[in-house]
Each structure stands twice: as structure tokens, then as C-alpha cells.
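In: structural data only, the sequence is not supplied:
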Ligand SMILES: Cc1cc2nc3c(=O)[nH]c(=O)nc-3n(C[C@H](O)[C@H](O)[C@H](O)COP(=O)(O)OP(=O)(O)OC[C@H]3O[C@@H](n4cnc5c(N)ncnc54)[C@H](O)[C@@H]3O)c2cc1C
Ligand SMILES: Cc1cc2nc3c(=O)[nH]c(=O)nc-3n(C[C@H](O)[C@H](O)[C@H](O)COP(=O)(O)OP(=O)(O)OC[C@H]3O[C@@H](n4cnc5c(N)ncnc54)[C@H](O)[C@@H]3O)c2cc1C
Ligand SMILES: Cc1cc2nc3c(=O)[nH]c(=O)nc-3n(C[C@H](O)[C@H](O)[C@H](O)COP(=O)(O)O)c2cc1C
Ligand SMILES: Cc1cc2nc3c(=O)[nH]c(=O)nc-3n(C[C@H](O)[C@H](O)[C@H](O)COP(=O)(O)O)c2cc1C
Ligand code: FES
Ligand code: FES
């Protein structure tokens, strides 16, 4: 169930250039699933006014702790990055529908493709898949080496490959270049990242099941304001979907890219 | 000279109900005089947007420290009251023209009349007068006992009398009631407090020199925006004065009350 | 509760608080968060004759103490609203105000005639002021003659009282208010959003795909209060005020200026529980003001 | 410095930054804080024929990310401005834009004719938009015909280029902009303040003695940007943009929308050093955008 909670900052650190890892404690952690997101109000003032949607990167139900990883770029995320251990953060969540872990066949292999700040939700997903005995292959693209993160964390879960636009880490280029080269064997793929990446992936593996996680500017985050809609390819049944409440994860082919 | 400085919070405590005493350290302390005020920006955000004018209650030039005493009531002063030791506060000052200490004759007596949150600037004034060998009598009015402050501090400087509207501390009534009763002997009076109090005092001692400190809603605080003007009684030379830059202290009779 | 109750044409309000149109969808999402029967009323999303897909995304952008939106009247269309959306709301003890939009007078008439027969629709709100629709809509809100004619046409067919939602993007809002009153409007709701724009810092192009968007949130409250104040002086029909309401004090302010009830828009995105929270805070606020019943403060600015 | 320089009718600007009228007095107070020669220009406080005492206090009130003011054109009058205020500013290497206000056309003509002869007054800014003056003023800004006639009358007597300051409180600002262009205006400055109101929480009465006041500050920036964007498309004379500018990014935004220079108002109260600070920040901003000279970004939103 969606709840609003003043969660407590348990840890916060900068794990890459302007990339922060923030762990929050609160009871809404119990309801979280991989691929869902939280809507964070970074300040009690009117400035900034709107909440910020951030994916859930790690869920620790025993400790009631959830971790998010975000880039502090604009005004809101910068304020968030200044929160200290013990501070309260106003969180609305968990929101949206996450990745269908059960879509991966037992004993099978899942390919996880991430781009930049789209990588975080794949960490909880990878853990959930591994917990079900599914092998995971991670192929992640970043702009430059200094914004890469979680190499060790992902490596303990499965094969992990990095590609950077400028070649400062891993191979040089985009994830699709690396996928062309690696030709991984897998049963289902999951992806989160910038739209051009999702667009490139959409038709990349025509015969495979795939799930894409989308981003869109949001108002409410709960499906009420129609800010975050995407057109569907199949305009007969439903003309559009809402990223916040129908998504952010959709089976490939659902959203018009 | 007026300067802008990020002063450092040295101490802050609640000394009466919602009344805070805040000590700030910075080099602009060197330029401060009794009766002047500072214009404080309580937050780097746009909310609240405007600075808050607060009188200087104590000046410690050796330590580069100045103290202000304020009531945390509205949004801005509430944010100010949450500042911790070590935090920075954006201060513009010192502003305005303070109390003319030299208006009290050597060896003479000064009557200091204050109302509520108008009392703070009289503390630095009283010290400055005492330092010049002038005897001070303090007559202060407050709403209730729980918002009274600095009784000990003033008592060490001179005779100190409190009056409260509800009679919970000192006599019951207004400062003018108490003055009627006390019939203090003095050479010059200085007053700061709500307009009705100043108005009552204006004609109270027709034969004495007196100085009144005014409050008005401010924009710039430096004389540029014409927000804080008061009409003058003598409309020939100057039609109006600005509380922020011509005042906040004016000889009695200057401002139309 | 009668301390907070308000009687308006067609509307028996438990309290003067209602979510504003477009900020609450058709209620379902918030119905999962709290009991909608707590609300004074609900203003549902604008309904048009046909399904509308609205504008391309991005549709929202943040501004200082406010936000821009250009949703573009996206809605499933009259039939689906009546068959799939309104029935859900019947389970709650709350009157619905149906926000009606369109491109032509005929559009407004058709939607009004039909939607006013829905059992829980107790009033209409004619959206003659949406700044995000390219054809029509906006002219209805800026021309007093056209506005009056539209109201007259709708009044002929509506089974429930008709409120008209005014645009703040006009030189003289009082003129429009008087025109819709003359046309037979039972009440006025105001204000809709101010037309604004935000540019992308890097490219310099508008952030919102539509170019301009409607500004809402705390930033616009002073403009809204001023307009409610002016219109209250000029008309004899009740006003439902809105624009930047986020807490109980804002409600007091709008009612002081002359509103008989208050709608909450953008604040629902900041805090989805804002409406029930305000309702809970109101009695204490009234206590502090020494006011017995909330209707006593309506228009007190003018005393 | 030529990276930031801008050429406008009558104005040779070192940089496109100038304090907005009414937010900088006649410069003296800020002249004590920094060297005014750093500024692109200075827009001085509105000047009228006779001394004006302005409105009763309180004259300002804070709002969410903004403020209201109702100063009421207080100024010492034409003669004193020319004899006591303008000469002080001559010691600085900075062009002055004289903000001209009045109640009748004759007032505007008289002030314009005389003040345009002052050696450092390089342009006039006709304030046809001040919302805080009861008689006249406001009508000039909302009626295109009257606005045009006023500009024509002033153009006949002014020795320097004439800019016209537009009011945002209109249904169609483009119409007014075109009218003043047709009347011979050399440039447009925009926007003046939006009419707003704040109520006292306890009494419910307006905080500002005048009742309404003009809203300025970051809250209005989206409205200002939208209007500059629209007017830029419609006229061929330069625009000096303003409304909520607080930093170098805001300057980039206004110029992207179509402004050739930018004025800073309310922000001077928040940070008296804001103008020189922005001027210092601008080159780095341009660097980041890969722009050589600042005039390259004028109107880039429209490309
Ligand atoms: C479902 C979802 C999950 C996300 N998960 C993550 C994550 O795990 N880590 C991460 O770093 N980022 C994530 N993002 C992007 C993140 O929401 C934006 O980077 C953030 O909102 C920008 O806020 P700001 O204060 O830095 O920028 P500002 O420029 O101050 O933002 C202004 C406004 O634009 C919105 N906005 C700006 N960029 C984006 C964007 N890319 N997507 C949506 N809204 C945006 C903001 O929410 C705000 O309303 C996610 C976005 C969505 C929709
Ligand atoms: C020269 C001068 C000296 C002052 N010295 C002191 C002092 O030593 N201690 C103290 O507690 N107070 C003092 N005040 C009053 C103090 O400035 C206000 O209480 C304070 O600004 C209120 O801010 P807020 O955030 O609590 O209220 P809000 O309601 O958030 O204020 C909203 C706006 O109104 C203005 N405002 C509200 N009340 C006043 C007021 N009484 N005077 C001027 N502006 C006001 C604020 O500055 C702000 O711009 C002084 C005022 C002046 C003009
Ligand atoms: C996302 C969004 C969508 C809106 N959609 C509508 C709408 O469909 N019909 C309408 O009359 N007003 C619509 N509005 C305007 C609001 O109902 C309200 O008039 C305005 O937002 C001012 O109130 P606020 O500041 O509390 O948001 C919308 C506002 C927002 C923010
Ligand atoms: C206190 C104050 C006084 C003003 N006085 C004038 C004036 O005399 N003439 C004028 O044309 N504009 C006046 N303005 C409007 C500003 O010049 C400017 O157009 C407006 O404030 C928007 O800019 P900002 O948001 O940067 O303040 C005044 C604004 C303020 C805040
Ligand atoms: S953000 Fe409001 S519907 Fe998705
Ligand atoms: S506050 Fe601006 S002149 Fe005094």
C-alpha cells in the first residue's frame, strides 16, 4: 500500500562523482519490491515544491532499510544530498509496479541492461533474481569512469560488464555496442536507462521477453494528474499508460518509443 | 559601513517563551552601535524571500560577537531559531542610525522605556550609557510573565521595573501606568516598542529630550525602496523619513504618530 | 462537524474543502489513500465529449513555489467518465462537481446535459479558462459576451447548478464574473492557472512540450486572493476559491477574501493527504480566531 | 568585457544587467556598497512632475517566493530628481534609464521632455503599468490605443530613445506591445508587477495599507518569461526583460526567451550585491553553454 512516512537517514555517502547512496529507515520498506520507486519531498518549504521520483536500489526488510542511488544535479537532489544521519526525509511510496521477477524461468538467465542513473533499480532486481536461482548478466553503460558505481556489488551477483561513452572504463561506446560484441545468452532481459537506450533495445532481441523501466516528469506520482503518460503502441485497448502507476516498468512493445 | 557577511552562530537559546537569544560572530561587529539593526536572511532558498530586520541587543567587539533577541513567531524567525552553533547566517549590517548616547548629559540619568520585543536594543544602549557614567532607569512592559527576559541583566545596570498586561509579573497594566506611578527623575529618555506605546510616550514628558525607535515593514533595509517611510511632523524641510536609513531612532516629535 | 459545514447551490458541504479539478483525477488513486467521504466535495478532472489524449510530454515543470502544467484536458471522454469513473465515487458520501470542457458551445452543452444526470454530480464547473487547449476554451474565458452566452446555453440543459471557472489571464476579471452571473451562473470558481513558461537551462527551449503551461501552487496565491477579493465585491453568487492553498491558514485567507469554499490543487501532489489534514486543522484555527462557525469568516476582509 | 556588451537604442551597455526601477532608488544607497560603473545601466525610481508622497504604510508584504509592494510612485518630483539625484550618478560610467510616470499625457510629456535633457539619461522608460496608482497610469497600460497615443506624444519631445514598460495584468500583452511599437517606441521593458493581495492572518484584512500591491520576485518569473517569449515573436524592437531574476541562469533564460538585456528588481533587497555578482558569474555560464558573446543567445528559444 502507498504510504507517506518520515523516514530516517541511516547512511549517506557520495559513491561516485555527484552520485549519492542514501539509506533510509522506515516501515514502508516492508511493502517494497524491485523496480518500484519512492517520491521524495526534499524540503518542508515551497522551494523546491514537487517531490522527486527515485528508484529503490536495495531493500533490507529485516532492518527496515531501503537504499536509493541518485545523481545530485538539480536543486532538489542537491538538497537531498545534504541530509545528515538522523535527519527525517518525507517519502511517499512504494510507488508503481516493479520488475516481474517471476518472468525469468527457473534456472534460467536474465540480462540486466542499465544506463547511468538507470542502473540502481537493477541492483535490487539482480539480488531478487539470484535469490530465485536465476543467473544474471549485467551490462551497464555510463558516461565516464568517474560516475560509475557498484561494480563490486554487481560482480558478486553475476557477470558484470561496463561500457563508457569516452572509454575511460570498460569498452568505449554504448551498451548496444557492448551487447553486439558480447552476444550474451539469456532468457529474459530487464532494462532501465535513458530513452535512446531503451529505444535501441526495444527491437534488439525480437524473440526475447523484455521489460523496460521508463522515466517521465511527474506531478503526483500516484496516477492522478496525467503528467507522466506514454502512448501505447496498441491503441485499441488502452490509448496511454501512466509511468507512475501503470509503470515505471512495462513489457517491451507496450509503450510507443 | 554596511556590509554583507556570513556570520557564525556562537550561541542560541530560548530565554523566554518563543523568545530567542542568538549570538553571532563576524567582523561587521566592529562597526555596530547601540540602536542599530541587522537585516538577516534566514535561508538561502526563496522561501522566505525577504530579510528580517532585528535590533542589535549586545555588542562585544573584543570577541567579534553580537547578540540579537527575537521572538520566533512567523516563518522566518522560526527558521532562524533552528540554527545551530557553527551554522552560518547571512547578515547585512549594521543598518540605520542608533541611539545618540551623547544626548545624555554627563553624570545625568536616562530613562529607558521598552515594550516587548522592543526591549533588546535598550540593553546595549544601557551598557553604553553606564559606560559613560550615566545612571539608567529601566521601565519595561510585556504581555505576560513567560515572555519577560533579561531582568537580571538590566538590574545590574540600573533600577529595573517590569509591568505586564495581565499582571503576572511586576505591576499590572502598561508602561505608561507604571511611569505615572514611579514618576522617575531623569534627563533624557529612550524608548523602543509598539507604536501605541511610542504614541503614548510622545507627549508624556513634554519638557524632556527623548528618542524613539520605530518599526516598519521593510524591503531593502538600506534606504532604496521607500517601503519603510514615516511622515514627518514638520513637512517643510523633509516630507518623510525612512525608518531603515534615517532611523530607526528619531528624536521625539520628528515622526508623525 | 456542523461547525465546518457550508451550504451552496446544489452542494451540501460537510466542510469547505475540496480537491481542485485535474489534481485529483477521478478520485480512485486518492480513494486508496483515505476515505473520500471526509471531503466537502470533489472536483473531477475536466470531461469532454470525446476521449482526449492531451498534450505531448513533458507536461509539467517546477517553478519557484509553483509548477507549470500542460496536460491538455486528457480524459477518457463523457461516456467512459459516466460509466467507469463516476460510479466508483458513488460509494462515498461526497458530492461531485463535474468539470466540463470543450471546443464549441455544443460540446459544453452536450457534456453538461448528460453529466448533470449522474446521481452523484451535484454541480457543474464550466472550465472556460483552461490555458492549455489550443482551439477554443480560452476565448470563452476572456470575452464576457461569449462567456455569458455559453453559461446561458448550459443553464438551459443542466439538471444541477452551474459554476463557472474563471481565468486569471485577463485584464478585468470582474467584468467576466459579472457576465457569467448575468448569464445565470449559480456560482464562480476561481482561479484557473496563470499562463507561464519555463526554459531548459541548457537548450533555452521550453521545458514543457506544449511551450507554455499553467502556473499553479503557492506562487499564485496573492493573485488569486486579490481576484477573489475583487469578484466578491462585484457579484452576488458564491465563490469557490483556489490557487496555492496548502494549509488551513490559506483556507481562512480565501474565505476572508470572499470565498464560500476552497479547492486544493497542486498541494495534493506535494502531500496527498493535504485535504484531510486541512479539514482536521480547521477547527483549531477557528478556535484561535474566536469563530464559532466557519461561514462567519466569509468576506471578513471587506468588513 | 566585450563578451557581455550589448548595443541598444541609446544604450551602450557594458553588460546586460541593470537594476530595475523602484528597487534601486536613485542609486546612492547602492553606490555606498559597490562601484556603480560595474552595471550595464541603472533604471531609476519613477519620476513624476510633482513630489509624490506615495501610499500609506505598510507598503510591502512577503509572499511565497515573492513580495507585494505598493509604494505608490513616491519620488521627490522632477526638479529635485534632476537637481539632486541625477548629478550624483554622473560620477559613474553608467547610462541612466529614467522611469517616467504620471497621471495624464501632459505629465508624461513634461517629465520626458525635461529629464531626457539630463546628461547621463540615455533612455526613458515610460511606466504605463504601475498597478499602485489610483488615477491614471493603469489605463495607459491596458488600452492599446491610449498606450500608442502616449508613446507618440512622448516621442515628439524626448531627446533620447523611449522604452515602454508593459503591464502583465492584461489579457493580451502582445496587442499592447504592438501598439507601442506602432507608436514609435524604441524598445520594450517588461514585466511590471502582477496585482496581488495578502491578508493578515488574524484580522483577515489586507496587510498592505493600499489593499492590493504589485507581486514581484521569483514567483512571477514563469509569467514574465512567457510574456517576453510572446512579445519577442511579435515585435521588432528590443526587449529588456525582468521579473524574478536572481542569478545568472535567470539572465540566460530571459535572453533566450528574447530579451536583449535584463533588469533585476526584488533580488536587490535579498542580496544588495546581486547585480555585480551576476555580472561576475555570467562569463562562466556562457563558457558552459559554449557561447562566445552573450548576444548570441538572444531569442535562442525560438530557433
Ligand atoms: C520512476 C523514476 C525513477 C527514477 N529513479 C532515479 C534514480 O534511481 N536515481 C536518479 O538519480 N534519478 C532517478 N530518476 C530521475 C530523477 O527523478 C531526477 O533526476 C530528479 O527528479 C531531478 O531532480 P533535481 O532536483 O535534481 O532537478 P531539478 O532540475 O531541480 O528538477 C526540476 C523538476 O524536474 C523533474 N525532473 C528533472 N529531471 C527529471 C528526470 N530525469 N525524470 C523525471 N523528472 C525529472 C524533477 O522531478 C522536478 O520536478 C527517476 C525518475 C523517475 C521518473
Ligand atoms: C528596525 C527593526 C528592528 C526590529 N528589532 C527586533 C528585535 O530586536 N526583536 C524582534 O523580535 N523583532 C524585531 N523587529 C521585528 C521583526 O523584524 C519581525 O518580528 C520579523 O521580521 C517578523 O518575521 P517573521 O518571519 O517572524 O514573520 P512573518 O510573518 O513571516 O513576516 C512576514 C514579513 O513581514 C515582515 N514583518 C512582520 N512583522 C514585522 C514587524 N513587526 N516589523 C517589521 N517587519 C515585520 C517580515 O520582516 C517579513 O517581511 C524589528 C523590526 C524592525 C523594523
Ligand atoms: C496538473 C493540473 C491539471 C489541471 N487540470 C485542470 C482541469 O482539467 N480543469 C480545470 O478546470 N482546472 C485544472 N487545473 C487547475 C486547477 O484546478 C486549479 O485551478 C489551479 O491549479 C490553481 O490551484 P492550485 O494552485 O491549488 O493548484 C489543473 C491544475 C493542475 C496543476
Ligand atoms: C518595491 C518596488 C518598487 C517598484 N517601483 C517601480 C517604479 O517606480 N517604476 C516601475 O516601473 N516599476 C517599479 N517596480 C517594478 C520593478 O521595476 C519590476 O518591474 C518588478 O519588480 C519585476 O521585477 P523583479 O521580480 O525582479 O522585482 C517596483 C518593484 C518593487 C518591488
Ligand atoms: S505523475 Fe501524476 S499521473 Fe503520473
Ligand atoms: S526598507 Fe527600503 S527604504 Fe527602508
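Out: Now that the structure is in, tell me what you want to look at. What you see is a predicted model; the values in this text were computed from it and never measured. Ligands and ions are numbered 1, 2, ... in the order given.
In: isn't residue C:239 up against residue C:188?
Out: Yes - applying C-beta atoms under 8 Å, one finds residue C:239 in contact with residue C:188, separated by 4.9 Å. Any C-beta I mention is one placed from the backbone N, CA and C, and that applies to glycine too.
In: what is in contact with the two at once?
Out: Residues touching both residue C:239 and residue C:188 (C-beta atoms under 8 Å, 6 or more residues apart in numbering or on different chains) are residue C:231.
In: any idea how far residue A:44 lies from chain D?
Out: Computed as C-beta to the nearest C-beta, to the nearest Å, the residue A:44 to chain D distance reads 13 Å.
In: what does residue A:18 give?
Out: 15 Å.
In: number of nearby residues for that residue?
Out: For residue A:18, the neighbour count with other C-beta atoms under 10 Å in any protein chain shown is 14.
In: likewise residue A:199?
Out: Neighbourhood size, residue A:199 [other C-beta under 10 Å]: 12.
In: with adjacent residues omitted, what lies nearest to it?
Out: residue A:257 (4.6 Å; C-beta to C-beta, 6 or more residues apart in numbering or on different chains).
In: residues in contact with residue 19?
Out: The chain I'm using is chain A. Counted by C-beta under 8 Å, 6+ apart, residue A:19 has contacts A:69-72, A:117, A:147, A:149.
In: let's do chain C instead
Out: By C-beta under 8 Å, 6+ apart, the contact set of residue C:19 is C:30, C:39, C:42-43, C:263-265, C:268, C:275.
In: 6 Å - rerun?
Out: Taking C-beta atoms under 6 Å, 6 or more residues apart in numbering or on different chains as the criterion, residue C:19 is in contact with C:42, C:264, C:268, C:275.
In: what does residue A:169 give?
Out: Going by C-beta under 6 Å, 6+ apart, residue A:169 touches A:145, A:148, A:162.
In: what do you get if the cut-off is 8 Å, keeping everything else the same?
Out: Neighbouring residues of residue A:169 by C-beta under 8 Å, 6+ apart: A:142, A:144-145, A:148, A:162.
In: biggest separation within the residues you listed, which pair?
Out: A:144 and A:162 (11.0 Å; C-beta to C-beta).
In: compare these two (neighbour count), which wins?
Out: Higher neighbour count among residue A:144 and residue A:162: residue A:162, with 20 against 14, using other C-beta under 10 Å.
In: if I read this right, that one contacts residue A:148, doesn't it?
Out: Yes - in this structure, residue A:162 is within contact of residue A:148 by C-beta under 8 Å, at 6.0 Å.
In: residues contacting the residue in chain C sticking out farthest from the centre?
Out: Distance from the C-alpha centroid of chain C, by C-alpha atoms, centre = their mean, peaks at residue C:202 (34.6 Å). Contacts for residue C:202 (C-beta under 8 Å, 6+ apart) come out as residue D:289.
In: tell me the SS of it?
Out: coil (DSSP: H, G, I helix; E, B strand; the rest coil).
In: what count of nearby residues applies to residue C:41?
Out: Counted with other C-beta under 10 Å, residue C:41 comes out at 26.
In: so what does it look like in phi/psi?
Out: phi -160, psi 180 (degrees, to the nearest 10).
In: okay, now the closest residue to it other than its chain neighbours: neighbour count?
Out: On the basis of C-beta to C-beta, 6+ apart, the spatially nearest residue to residue C:41 that is not a chain neighbour turns out to be residue C:18, at 4.1 Å. By other C-beta under 10 Å, 26 other residues sit near residue C:18.
In: hey, what's residue C:18 bridged with?
Out: residue C:263 (DSSP bridges).
In: residues of the stretch 51-200 of chain C that sit close to chain B?
Out: Residues of the stretch 51-200 of chain C lying close to chain B by C-beta under 8 Å from any C-beta of the partner chain are C:64-65.
In: point me to the residue of the stretch 51-200 of chain C nearest ligand 2.
Out: residue C:65 (14.2 Å; C-beta to the nearest ligand atom).
In: do I have it right that residue C:286 meets residue C:15?
Out: No - contact criterion C-beta under 8 Å: residue C:286 and residue C:15 do not qualify, at 11.2 Å.
In: mutual contacts of these two, please.
Out: With C-beta under 8 Å, 6+ apart as the test, residue C:286 and residue C:15 both reach residue C:294.
In: okay, these two: which has more neighbours?
Out: residue C:15 (26 against 19).
In: tell me the confidence at the more buried one?
Out: pLDDT, residue C:15: 98.
In: tell me the spacing between it and residue C:268.
Out: According to C-beta to C-beta, to the nearest Å, residue C:15 and residue C:268 sit 16 Å apart.
In: before we move on, what about residue C:251?
Out: Using C-beta to C-beta, we find residue C:251 at a distance of 14 Å from residue C:268.
In: before we move on, what about residue A:22?
Out: Going from residue A:22 to residue C:268 by C-beta to C-beta gives 26 Å.
In: what sits against residue A:93?
Out: Going by C-beta under 8 Å, 6+ apart, residue A:93 touches A:2-3, A:28, A:32, A:36-39, A:56.
In: now the helices for the stretch 101-250 of chain A?
Out: Using DSSP state H, counting those that start in this stretch, the helices of the stretch 101-250 of chain A run over A:120-131, A:151-155, A:175-182, A:195-202.
In: leaving out chain neighbours, which residue sits closest to residue A:41?
Out: That would be residue A:90: by C-beta to C-beta, 6+ apart, it lies 4.0 Å from residue A:41.
In: surely the one you found touches residue A:9?
Out: No - in this structure, residue A:90 is not within contact of residue A:9 by C-beta under 8 Å, at 11.8 Å.
In: before we move on, back to that, so what sits against both of residue A:162 and residue A:148?
Out: By C-beta under 8 Å, 6+ apart, the residues touching both residue A:162 and residue A:148 are A:140, A:142, A:169.
In: just give me the closest of these to residue A:193.
Out: For the shared contacts of residue A:162 and residue A:148, the residue nearest residue A:193 by C-beta to C-beta is residue A:140; the value is 8.6 Å.
In: how near is residue C:212 to ligand 2?
Out: 31 Å (C-beta to the nearest ligand atom, to the nearest Å).
In: distance of that residue from ligand 5?
Out: 20 Å.
In: next one: residue A:145
Out: 34 Å.
In: do the same with residue C:52
Out: From residue C:52 to ligand 5 the distance is 15 Å (C-beta to the nearest ligand atom).
In: hang on, the earlier thing: residues contacting the residue nearest to residue C:41?
Out: C:39-43, C:97, C:240, C:261-264, C:275.
In: per-residue pLDDT, the residue nearest to residue A:41?
Out: 98.
In: which residues does it contact?
Out: With C-beta under 8 Å, 6+ apart, residue A:90 has these contacts: A:4-6, A:40-41, A:44.
In: out of those, who has the most neighbours?
Out: The residue in the contacts of residue A:90 with the most neighbours, by other C-beta under 10 Å, is residue A:40 (24 neighbours).
In: doesn't residue A:79 make contact with that one?
Out: No - the pair residue A:40 and residue A:79 does not pass the contact test of C-beta under 8 Å, sitting 10.1 Å apart.
In: separation between whatever residue of the stretch 1-150 of chain A ends up closest to ligand 6 and residue A:217?
Out: For the stretch 1-150 of chain A and ligand 6, the shortest gap (C-beta to the nearest ligand atom) falls at residue A:47, measuring 23.3 Å. Computed with C-beta to C-beta, the distance linking residue A:47 and residue A:217 is 18 Å.
In: which phi and psi does residue C:145 have?
Out: Main-chain torsions, residue C:145, degrees, to the nearest 10: phi -70, psi -50.
In: how about it: what's its closest non-neighbour residue?
Out: Residue C:145's closest residue in space is residue C:179 (C-beta to C-beta, 6+ apart), at 7.1 Å.
In: near that neighbour, how many other residues are there?
Out: Neighbours around residue C:179, by other C-beta under 10 Å: 20.
In: residues contacting residue C:71?
Out: For residue C:71, the contact set (C-beta under 8 Å, 6+ apart) comprises A:225-227, C:22, C:54-55, C:59, C:132.
In: need the contact list for the residue in chain C that ligand 3 sits nearest to.
Out: Ligand 3 sits closest to residue C:22 of chain C, with a gap of 1.8 Å, by C-beta to the nearest ligand atom. By C-beta under 8 Å, 6+ apart, the contact set of residue C:22 is A:225-226, C:45-46, C:69, C:71, C:99, C:265.
In: alright, that wraps it up for me.
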